[in-house]
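Engineer: Sequence and predicted structure below; questions after.
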Amino acid sequence: MSTLKAVRGTRDLLPPETELWNHIEATARRVFARYNFGEIRTPIFEDTSLFARGVGEETDIVSKEMYTWEDRARAQSEKSQSLTLRPENTAGVVRAYIEHKLGETGLLQKLFYIGPQFRRERPQKGRYRQFWQIGAEVIGPPSAGSESPLRDAEVIEMLATLLDELGIVGWKLEINSVGSSADRARYVAALREALAPVKDRMCEDNQRRAETNPLRVLDSKDAGDQEIIDGLPKIAEYLDAESTENFRQVLAALNACAVPYTVNPRLVRGLDYYTRTTFEFTHGGLGAQNALLGGGRYDGLSEVLGGPKAPGIGFAMGEDRLVLTLQAQAAEAKAALADAFVAPLGEGLNAEALKLARELRGAGLRVELGDGGFRLKKSFEMGNKLARKIVLLGEDELSSGMLTVKDFATGEQVKIARTNLTEALR
Ligand code: ATP
Ligand code: MG
C-alpha cells in the first residue's frame, strides 16, 4: 500500500516551530488588546454565495481558487447547498456583523481573527493551499466614526507597531487611495482609453485584463509590460477633492506618528466596494511572495451582502510569511555570529587574550576579543550578542592550560584544554 501524505499545499506544523507560531499569535493578541480589539471566530466554511458576492466573482480567488462542494441535504426539511472553505475572513466577519446586528450598538466594532484559510493556488515558498491569516476589521455605522481617515491611520500604525514588536526588520509600507467608486469609474474609463492603442503589445494575460478588468493590469508582474504600465494614467489624478483630502489626512496622521511609507499609485483593488485607502506591507526576504499583509477600506461591502451602511477598514496578514521572515532573520543573525568571544578576566590578561585570539584566528576561526576592563557580566552580555561561545581566560586558566568555554545556545559550560580549543570551537 502506498503511504499517505499531507495533501499538496498543506503541511504539518511541528515543535519546535509551533512555538514560533504561538509566539506570533500571542504578540498579535497582546497588541490588538492594547488597541481595544476583541476576537471573533467565524465558521471555516460558509455558503458559497458569501464569497461570490463578498470577494467578487471576477477575482482569481472566486473564479479559480476556492474549495467548493455541494452539501447534500440529509432530511426533507433541508436543502442541498453549495459550501466553500473560506479563502479569506473579511466576508465572514461582515456577514456576522450583519447577522448579529452589531451595527445597532451604535459603536465601532473592532474585531480580530486568527485562523486557517484555503485557496487552490500553485504551492511554492510562502504560498500554500491551507495557510493562516491574522486579520482585523474596524466596522460600524458612519455615526460611530467608521468613515474617518483617522481609523485608517490607526489601523496602519497598529500594524507598524505589531511588526516592530514581532522583531520583523526591514518591512516596507506601500499605500494608495482608490477614491470613491465614482472616482474609480472615471479612472477605469481613462485606463481603457490609454490601453486601447498599446494593449496589443502586451502579454496575453494583460490583453485579457485590459478588456475585463483594466485595474488588474496595474499589478501585473510581467517584466516586458512594465514600461507601458509605468506610462499609464495614475489614479491620483482622478480623485475628487473629497477623496484627495481624505488621503492627505491619512498620510498626515501617519507622518505625525513617524510611520514610514511609500505612495504606490499602482496599488489598486478591482472591486467597487473597495474605497479610498489601500495598503500593503512587504518584506524583501520573502522573494516573489513578498507581501506580508494587505488591507484597505471596504465602505460598500456590508450593503453588497444585504446589510446596513457600515463602512470599514481591515487587513489580513499571512502568518506563514511572518514565520518565514522571522526564521530567515534568525538564521541570518546566527550566521553573522562569531565562533568565539575571548574574555580576559582582568586587564593584566589582555595581552594573553590577544595572543589566544591570534592562535584561534590563525586556525581560521572568527573571533571577537573582549577586554579585561569589562566586568564578567558585561563580557557575557557582549559575548552573547556577538558569538556562539565565550572563552574565559583568567590566571587559573592560563597556568592550568584549561579554558572555560560556555555555549550560549545550550547554556553548557565546560573546561577544555588549550590544545583542543580550536577543534571544540569549530
Ligand atoms: P498575493 O499577491 O501574495 O497572492 P493576495 O493579494 O492574494 O496576496 P490577500 O488576499 O490580500 O493576498 O491576503 C492577505 C495576505 O495573506 C497576503 O498578503 C499574504 O501574506 C497572505 N496570503 C495570501 N494567499 C496566501 C497563500 N496562498 N499562502 C500563504 N499566504 C497567503
Ligand atoms: Mg493571491
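Structural biologist: Arrived safely. Ligands and ions are numbered 1, 2, ... in the order given.

Engineer: now the residue of the chain found nearest ligand 1, which residues is it bridged with?
Structural biologist: Sorted by distance to ligand 1 under CB to the nearest ligand atom, the residues of the chain start with Gly318, at 2.3 Å. For glycine as for every other residue, the C-beta is placed from the backbone atoms N, C-alpha and C. Partner residues in beta bridges with Gly318, using DSSP bridges, are Gln133.

Engineer: Just give me the neighbour total for Arg120.
Structural biologist: Neighbour count for Arg120, taken as other CB atoms under 10 Å: 16.

Engineer: Who are the contact partners of it?
Structural biologist: 9, 64-67, 129 (CB atoms under 8 Å, 6 or more residues apart in numbering).

Engineer: Around ligand 1, which positions in the stretch 1-150 of the chain sit nearby?
Structural biologist: 88, 119, 121, 126-128, 131, 133 (CB under 6 Å from any ligand atom).

Engineer: Return stretch 133-151 as CSV; C-alpha atoms alone will do.
Structural biologist: C-alpha atoms of stretch 133-151 as CSV (Å, rounded to 0.1, in the frame of the first residue of the first chain):
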residue,chain,number,x,y,z
GLN,A,133,-4.2,34.7,8.4
ILE,A,134,-4.2,37.1,11.3
GLY,A,135,-6.5,39.9,10.5
ALA,A,136,-8.7,42.6,11.9
GLU,A,137,-11.6,44.8,10.9
VAL,A,138,-12.9,48.1,12.1
ILE,A,139,-16.5,48.4,11.0
GLY,A,140,-19.6,50.3,12.2
PRO,A,141,-22.3,52.9,11.3
PRO,A,142,-21.0,56.2,10.0
SER,A,143,-22.2,57.9,13.2
ALA,A,144,-19.6,55.9,15.1
GLY,A,145,-16.8,57.4,13.1
SER,A,146,-16.2,54.4,10.8
GLU,A,147,-15.5,56.6,7.8
SER,A,148,-12.9,58.8,9.4
PRO,A,149,-9.4,58.7,7.9
LEU,A,150,-8.2,58.5,11.5
ARG,A,151,-9.4,54.9,11.6
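
Engineer: How about that stretch, which residues are buried there?
Structural biologist: 133-141, 144, 146-149, 151 (16 or more other CB atoms under 10 Å).

Engineer: How about stretch 386-396?
Structural biologist: For stretch 386-396, by 16+ other CB under 10 Å, it's 386-394.

Engineer: Looking at the residues you listed, which is nearest Val323?
Structural biologist: Ranking the buried residues of stretch 386-396 by separation from Val323, with CB to CB as the measure, puts Arg388 on top at 23.5 Å.

Engineer: Could you pull up phi and psi at the residue nearest to that closest one when sequence neighbours are not counted?
Structural biologist: Excluding its sequence neighbours, the residue lying closest to Arg388 (CB to CB, 6 or more residues apart in numbering) is Leu337, at 5.1 Å. For Leu337, the backbone dihedrals (degrees, to the nearest 10) come out as phi -80, psi 140.

Engineer: re earlier: which members of the residues of the stretch 1-150 of the chain next to ligand 1 are the farthest-apart pair?
Structural biologist: Glu88 and Gly126 (16.5 Å).

Engineer: What segments of the stretch 201-350 of the chain are helices?
Structural biologist: 204-212, 215-218, 226-230, 241-256, 301-304, 319-335, 350-362 (DSSP state H, counting those that start in this stretch).

Engineer: who's in contact with the nearest residue to Val169 once chain neighbours are set aside?
Structural biologist: Spatially, and ignoring its direct neighbours in sequence, Val169 is nearest to Gln329 (6.4 Å; CB to CB, 6+ apart). By CB under 8 Å, 6+ apart, the contact list for Gln329 reads 167-169, 285.

Engineer: mind running it again at 10 Å?
Structural biologist: 166-170, 283, 285 (CB atoms under 10 Å, 6 or more residues apart in numbering).

Engineer: try Val304
Structural biologist: So Val304 contacts 53-54, 56, 91, 94, 271-273, 298 (CB under 10 Å, 6+ apart).

Engineer: Roughly how far does it sit from Val268?
Structural biologist: Distance from Val304 to Val268, counting by CB to CB, to the nearest Å: 18 Å.

Engineer: do Arg208 as well
Structural biologist: Counting by CB to CB - Arg208 and Val268 are separated by 17 Å.

Engineer: More neighbours: which of these two?
Structural biologist: Val268 (24 against 14).

Engineer: so what's the more buried one closest to, chain neighbours aside?
Structural biologist: Going by CB to CB, 6+ apart, Val268 has Leu215 as its nearest residue, at 4.8 Å.

Engineer: Now do the one you found against Glu303, distance only.
Structural biologist: Distance from Leu215 to Glu303, by CB to CB: 21 Å.

Engineer: who has more neighbours, these two?
Structural biologist: Leu215 (19 against 14).

Engineer: domain parsing for the chain?
Structural biologist: 17-180+240-330, 337-425 (automatic domain parsing).

Engineer: Reformat those as TSV; add mean pLDDT.
Structural biologist: As requested, the domains of the chain are arranged in TSV below (pLDDT from 0 to 100):
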stretch	mean pLDDT
domain 17-180+240-330	95
domain 337-425	95
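
Engineer: would TSV of the ones you listed with distance to Asp200 be doable?
Structural biologist: Shown next, in TSV, are those (distance: least, CB to CB, whole Å):
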stretch	distance to Asp200
domain 17-180+240-330	21
domain 337-425	55
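
Engineer: Run a quick neighbour tally on the closest residue in space to Gly167 that isn't next to it in sequence.
Structural biologist: In space, and not counting its chain neighbours, Gly167 is closest to Leu326: 6.8 Å by CB to CB, 6+ apart. Using other CB under 10 Å, Leu326 has 18 neighbouring residues.

Engineer: thought Asn89 was touching Ile114?
Structural biologist: Yes - contact criterion CB atoms under 10 Å: Asn89 and Ile114 qualify, at 9.3 Å.

Engineer: Need the overlap of contacts for these two.
Structural biologist: Contacts common to Asn89 and Ile114, judged by CB under 10 Å, 6+ apart, are 40-41, 133-136.

Engineer: Of these, which is the nearest to Pro233?
Structural biologist: Out of the shared contacts of Asn89 and Ile114, the member with the shortest distance to Pro233 (by CB to CB) is Gly135, at 31.8 Å.
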